[in-house]
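Colleague: fold the following and give me the result.
(one chain, ligands or ions: 1)
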Amino acid sequence: MNIILLGPPGAGKGTQARILVDSRNMVQLSTGDMLREAKSTGSEMGKKVAEVMAGGGLVTDDIVIGLIREKLACAAGNGFIFDGFPRTESQANALDKLLEKFNTSISAMIALEVSDEILINRLLERGKGSGRADDSNRKIIENRINEYYTKTAILKTYYQRKNCYYGVDGVGGIEEITSRIVDVMSKL
Ligand code: AMP
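Modeller: Now for the predicted structure:
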């Protein structure tokens with residue numbers, strides 16, 4: 001089973017993906033984590049993406065698709081959870097083609113629905129603990145949310161056309177939200 005967790009920044013994709021990794025032996029593929037790792041190693045690519053990430057914009061499709069391609073080739077487990085990827089229609093197209101090569105496909109896109117006000121508060125709170133610069137500044141957070149609505153939210157239609165889009169209320173306790181996600185997965 002391969003799942004995409006969709007949702008604006010702060011919706012809880014990473015938290016829920018990690019729970020599914022632990023409980024179901026799935027493999028989490030987070031492009032945000034991969035990009036932060038590239039940034040921290042100071043590689044050429046890391047330097048290139050650092051500025052974009054700092055402003056809350058989207059990194060170019062070719063870079064993130066390349067990262068996903070690399071990880072898919074060497075990952076093993078009980079299905080993938082894509083967290084923060086795809087974020088554009090061309091990333092979604094590329095993902096379909098990549099999965100085809102492995103004779104598999106997306107089973108469901110599960111979208112965590114959370115209001116903007118809650119997102120901003122959650123991210124500002126997370127920023128205090130994580131030290132992530134893009135979680136600590138309201139303007140950058142607003143830009144990330146704006147990028148989501150202008151470039152990523154259209155993916156709802158993309159996966160609805162494939163009959164595999166499921167919206168889930170992303171407000172509540174962590175366990176409560178996990179059980180809503182597991183509920184969807186159990187019906188697939
Ligand atoms: P995240 O940890 O998913 O919130 O991602 C942090 C930042 O990494 C985003 O604000 C983007 O700058 C970049 N990023 C992560 N995933 C993608 C993606 N699929 N496409 C483009 N940029 C991405």
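
Colleague: next SSE after whichever strand or helix holds E51?
Modeller: Using DSSP states H and E, E51 falls within helix 44-55. Beyond helix 44-55 on the C-terminal side, the first helix or strand identified by DSSP H and E is helix 61-74.

Colleague: could you give me the average pLDDT of the helix or strand following that following helix?
Modeller: Helices and strands here follow DSSP H and E; after helix 61-74, the next one along the chain is strand 80-83. Averaging pLDDT along strand 80-83 yields 97.

Colleague: tell me if strand 80-83 is near the ligand.
Modeller: No - shown here: strand 80-83 not in contact with the ligand (C-beta under 6 Å from any ligand atom), separated by at least 6.9 Å. (Each C-beta comes from the backbone N, C-alpha and C, glycine too.)

Colleague: output the contacting helices and strands for that strand.
Modeller: strand 3-6, helix 13-24, strand 27-30, helix 31-41 (3 or more C-beta pairs under 8 Å, 6 or more residues apart in numbering; DSSP states H and E).

Colleague: if we go to 6 Å?
Modeller: strand 3-6, helix 13-24, strand 27-30 (3 or more C-beta pairs under 6 Å, 6 or more residues apart in numbering; DSSP states H and E).

Colleague: beyond that strand, next helix or strand please.
Modeller: In N-to-C order, the element after strand 80-83 by DSSP H and E is helix 89-101.

Colleague: for that following helix, give the mean pLDDT please.
Modeller: Helix 89-101 shows a mean pLDDT of 97.

Colleague: between helix 13-24 and the helix or strand just after that helix, find me the angle.
Modeller: With elements assigned by DSSP H and E, the helix or strand that comes after helix 89-101 is strand 108-113. Strand 108-113 runs at 130 degrees relative to helix 13-24, counting by axes from the mean of the first three to the mean of the last three C-alpha atoms, to 10 degrees.

Colleague: near the ligand at all, strand 108-113?
Modeller: No - using C-beta under 6 Å from any ligand atom, strand 108-113 stays clear of the ligand, coming no nearer than 12.5 Å.
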